[in-house]
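Engineer: Predicted model follows, preceded by the sequence.
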Amino acid sequence: MQLLHYFRNSIFLILALGLAGCAGTNSAPETEAGASETDLSLAEAYAGNFYIGAAINAPQIIGQDTAALRVLAREFNSITPENVMKWENIQPGPDSFTWEMADAYVDLGEQQDKWIIGHTLVWHSQAPAYINETTDPDQLRTYMEEHIRAVAGRYAGRIDGWDVLNEALNEDGSYRESVFYKLLGEQYIVDAYRIAAEAAPDAELYYNDYNLNNPEKRTGAVRIVNLLKENGLRIDGVGMQGHYNLNGPPIEEVEASIEAYAATGAKVMFTELDLTTLPNPWDLQGADVNQNFEGSEKMNPYAAGLPDSVSTKIAERYADFFNLFLKHDEAITRVTLWGVNDAQSWLNNWPIRGRTNYPLLFDRDSAPKEAYDAVIALKQ
Ligand code: 9MR
């Protein structure tokens, strides 16, 4: 399936290049995004390497954010639902499902011929109260099984890859004490992947987490992959979320994790890439995390615009990461940005609400940024 997508992309690329050649490129019309139509888009430029994805939100799914949708159509060939498939949104009660937005998400992906990701089946966060408040292991196992069968089963053959389990590890590589782990132990992981494989036999199945560059957490993720393999189960890839900043993590740490996951035989994906450009209160020496930083100018330094020097720093950091991804493109099958444009980014509201952040490749008007140019330039 994935090969087929690559093949289709390559054909598209050859056609596009052929047309460009015939038309004569000098008078190329400008697109809304500012790029020339005969320039390669991100998806086209990286078609031989890996998918280029974006997380999309509700206004985009329902067609309200038209500028973002134009960029999505042209620049990306994979999508992830930022929020609409989370448990509390899709199954708020044991017997109630709200399929509308998730259905619209998959329809959009099919209309635009995207590699469609499902996010996420089992996660301690954004789970409804009836899950978090369960105290009976059998009841919880049944809830989890019904949820995976219903959701993964509904989109079987349409969703290409599922984040089956999300963020199940602590930073030291041990298992997070989620309600699932507390009541069911490690077996819940084995069960989740067995059920997902049955419900969506054609979808790739992933483990997804943040800070997977961290050596201790890396060990935990490798343990999960091996646990599944030892149980005769399928795990197709490890998703490194990639919520990074301008200084950390070190590229070498990220590379060591790519190599460790690839060595297990799993594909590697960057599933939620963004680079925060704002200060983090937890990085400040002696900062009181309970202090309220909302509205603080010190913590929101670029509210009126980004200085060129910082824009260039972001671009260089993106280029460093994409160089690394290209170096490991045999293992890496997808790089997904956590949003189409800066306006949409969760980082405007985390860890402090209401800031102006610049973490993605397109600006608030969905125009390509210096970082976009830097990423494209690696393929020219
Ligand atoms: O970007 C998402 C934000 O809009 C939601 O409020 C939040 C809680 O559901 O989740 C954010 O996305 C998270 C993703 O699902 C899992 N990894 C971390 C992402 C950023 O918090």
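Structural biologist: Looks like it arrived, so ask away.

Engineer: Residue 269 reaches residue 238, doesn't it?
Structural biologist: Yes: if you go by C-beta atoms under 8 Å, residue 269 and residue 238 touch, sitting 7.2 Å apart. C-betas here are computed from N, CA, C, even on glycine.

Engineer: joint contacts of the two?
Structural biologist: residue 206 (C-beta atoms under 8 Å, 6 or more residues apart in numbering).

Engineer: Compare those two and say which is more crowded by neighbours.
Structural biologist: Set side by side, residue 269 and residue 238 show more neighbours around residue 269, with 31 against 27, by other C-beta atoms under 10 Å.

Engineer: Check for me that that one belongs to a strand.
Structural biologist: Yes: applying DSSP: H, G, I helix; E, B strand; the rest coil, one finds residue 269 inside a strand.

Engineer: who does the helix or strand harbouring residue 275 pair up with?
Structural biologist: According to DSSP states H and E, residue 275 maps onto strand 267-276. If you go by DSSP bridges, strand 267-276 pairs up with strand 237-240 (parallel), strand 243-245 (parallel), strand 332-337 (parallel).

Engineer: Averaged pLDDT, the following helix or strand past it. What do you get?
Structural biologist: The helix or strand immediately downstream of strand 267-276 is helix 308-327, counting by DSSP H and E. For helix 308-327, mean pLDDT is 98.

Engineer: Can you point out the buried residues in helix 308-327?
Structural biologist: 310-311, 313-315, 317-319, 321-322, 324-325 (16 or more other C-beta atoms under 10 Å).

Engineer: Stretch 353-364 too?
Structural biologist: Judged by neighbour count (16+ other C-beta under 10 Å), stretch 353-364 contains these buried residues: 355-363.

Engineer: try stretch 146-156
Structural biologist: Going by neighbour count (16+ other C-beta under 10 Å), the buried part of stretch 146-156 is 147-148, 151-152, 154-155.

Engineer: Same question for stretch 152-172.
Structural biologist: Applying 16+ other C-beta under 10 Å to stretch 152-172 flags 152, 154-155, 158-169 as buried.

Engineer: contacting residues for the closest residue to the ligand within the stretch 251-380 of the chain?
Structural biologist: In the stretch 251-380 of the chain, the residue found nearest to the ligand is residue 346; the distance is 3.4 Å by C-beta to the nearest ligand atom. Counting by C-beta under 8 Å, 6+ apart, residue 346 touches 82, 338-339.

Engineer: what's the answer for residue 199, then?
Structural biologist: Residue 199 is in contact with 148-149, 152-153, 156, counting by C-beta under 8 Å, 6+ apart.

Engineer: again with residue 356
Structural biologist: By C-beta under 8 Å, 6+ apart, the residues touching residue 356 are 300, 302-303, 348.
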